[in-house]
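Colleague: Next input, structure requested:
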Amino acid sequence: MTDDEIIPASEIVPLLEPREGIPPVIEDAGALAAAVRAFAKGTGPVAVDAERASGYRYSGRAYLVQLRRAGAGSVLVDPVACPDLSELDEALADAEIVLHAATQDLACLAELGFTPRTLFDTELAGRLLGYERVGLGTMVENVLGLRLEKGHSAADWSQRPLPEDWLRYAVLDVEVLIELRDKLYEELSTGGKLTWAQEEFAAILAAPPSPPRTDPWRRTSGIHRVRTLRGLAVVRELWTLRDELARESDLAPGRVLPDSAIVTAALDQPRTTKALTEIAPFTGRSARRHLREWLNAIGRARALAETELPQPSGPGEGPPPANRWADRDPAAARRLAAARAAVAALADANRMPTENLLQPEAIRRLTWEPPADLGDEGVAARLRELGARGWQIELTAHPLSQALIRLVVKGEIDEPPPASLTN
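Modeller: Residues are numbered from 1 along each chain as shown. Presented below is the predicted three-dimensional model:
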């Protein structure tokens, strides 16, 4: 998508009201059953969106689900009152489900028993087509010439009742999603990228859940300021307590206690309630309820034996950070630079972000531990092991092979050339 193909701002039409108005929110089994029947009789793809309360609630559950299909219109479902959408899922088993940024919503929809079998992700389609900005509002403007109201995207959707203007916003989010899908489908087809997109959509649906993070407390913002093992122990104790309290109250952890308070407490290690409340975030309403518990957590960390203290984080799985390669393995650093350049050139030629042509982690792992055979087949096999899709391998295996072999031929790395060069 080039600048001269984007619809001029003067021609953008605000989309202010849903075509059929704001439907009543479905809050009981009877209304949900009627919606299931209507959507089963509808035709074509089904536009779906979900609203969560990120930043407000601990869970990632959906607090509103919006759907639209030709012949059925739009519906709003309250998943708090109707937490089982398995009958709707069964009725739409053969339908293509259209989502924008599907990975954000699939997990919370699955909790409700709604699991698409066929997917069209309008955000990912936009990336593959080379749109520079792929937020839903921007895509609708650039592709359809319509302006969506986006003022409530970060709202606390867990509150009840939901204001009318929020519901209007929610309906409009699926109002033109199918039209957007149809335009992008056409662009993918004419651009020769439809099969690429379909492989990507299938990969999203087939992806397993992300495994739990090891030592998630180490991701506390500002933890780099904590330089002692005892301080790390305080971070661990406070983070763990906060997580328990947040889970019990279904509040976002940062609303129970901000990361900045945990880090400051780890640096100061206060011994009294008075000293603890001198750290400003501990005076907030939520934090003050648990002052004794926070202080006990700090005390537990101070009482740990040296052997019980957390150690500095060691190297994770896979290659080290790329900025260390030049010192640790200069040959690998040269391979990485050559591979990145090859993939960037390909991405530019195909008008898409580099990370969508081939995942950066795959490039790093390929060049840190290259295959013994640097020919096309060896590189393709390694990319397949690293999870690259068929279309990605077809596009990148040969250019990557040539880039790596060129380093060997030029003598820039000490590896022997593959057998194909010596025959």
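
Colleague: And the strands in the chain, which stretches?
Modeller: 13-14, 25-26, 43-51, 64-70, 73-77, 96-99, 118-121, 146-147 (DSSP state E).

Colleague: Check the burial of residue 310 by counting its neighbours.
Modeller: 18 (other C-beta atoms under 10 Å). Every C-beta, even on glycine, is put in place using the N, C-alpha and C of the backbone.

Colleague: I'd like the distance between the nearest residue to it once chain neighbours are set aside and residue 238.
Modeller: What sits nearest to residue 310 in space, not counting adjacent residues and going by C-beta to C-beta, 6 or more residues apart in numbering, is residue 232, at 4.7 Å. For residue 232, the distance to residue 238 (C-beta to C-beta, to the nearest Å) stands at 11 Å.

Colleague: what touches both of those two?
Modeller: Common neighbours of residue 232 and residue 238, counting by C-beta atoms under 8 Å, 6 or more residues apart in numbering, are residue 266.

Colleague: Where do the helices of the stretch 1-150 of the chain begin and end?
Modeller: 29-41, 86-91, 102-111, 122-128, 136-139 (DSSP state H, counting those that start in this stretch).

Colleague: Save those helices as CSV, and put in mean pLDDT and mean neighbour count too.
Modeller: Putting those into CSV (pLDDT from 0 to 100; neighbours: other C-beta atoms under 10 Å) gives the following:
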stretch, mean pLDDT, mean neighbour count
helix 29-41, 98, 15
helix 86-91, 98, 17
helix 102-111, 97, 18
helix 122-128, 98, 23
helix 136-139, 94, 20
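
Colleague: Next, count neighbours for residue 321.
Modeller: 10.

Colleague: what do you get for the one 4 residues further on?
Modeller: When neighbours are defined as other C-beta under 10 Å, residue 325 has 21 of them.

Colleague: Residue 331 is in contact with that one, correct?
Modeller: No - with contact defined as C-beta atoms under 8 Å, residue 325 and residue 331 do not form a contacting pair (9.2 Å).

Colleague: what residues are up against the residue nearest to residue 284 when sequence neighbours are not counted?
Modeller: Closest residue to residue 284 apart from its sequence neighbours, by C-beta to C-beta, 6+ apart: residue 257 at 7.9 Å. Counting by C-beta under 8 Å, 6+ apart, residue 257 touches 238, 242, 281-282, 284, 286-287, 294.

Colleague: quick revisit: nearest to residue 406, out of the strands of the chain?
Modeller: With C-beta to C-beta as the criterion, residue 406 lies closest to strand 118-121 of the strands of the chain, at 36.1 Å.

Colleague: gap between that closest one and the chain center?
Modeller: 16 Å (C-alpha atoms, centre = their mean, to the nearest Å).

Colleague: Equivalent analysis for stretch 68-82, please.
Modeller: 25 Å.

Colleague: Show me which residues of it are buried.
Modeller: 68-69, 72-79, 82 (16 or more other C-beta atoms under 10 Å).

Colleague: Residues in contact with it: which ones?
Modeller: 18, 20, 22-29, 32, 35, 38-39, 41-47, 61-67, 85, 95, 112, 160, 167, 170-171, 174-175, 177-178.

Colleague: And these, which of them are buried?
Modeller: By 16+ other C-beta under 10 Å, these give 18, 22-23, 25-26, 32, 35, 39, 42, 45-47, 61-67, 85, 95, 112, 167, 170-171, 174-175, 177-178 as buried.

Colleague: returning to that earlier point: to residue 354, which of the strands of the chain lies closest?
Modeller: Here strand 118-121 is closest among those (C-beta to C-beta), at 18.8 Å.

Colleague: List the neighbouring strands of the closest one plus their orientation.
Modeller: As defined by DSSP bridges, the strand partners of strand 118-121 come to strand 96-99 (parallel).

Colleague: Would you indicate which residues of the strand it pairs with are buried?
Modeller: 96-99.

Colleague: coming back round to it: ok, the contacts of residue 257 vs residue 185, which is closest?
Modeller: Nearest member of the contacts of residue 257 to residue 185, counting by C-beta to C-beta, is residue 242, at 45.3 Å.

Colleague: Can you read off the pLDDT for that closest one?
Modeller: What the model reports as pLDDT for residue 242 is 98.

Colleague: so which of the helices of the stretch 1-150 of the chain comes closest to residue 270?
Modeller: helix 102-111 (38.3 Å).
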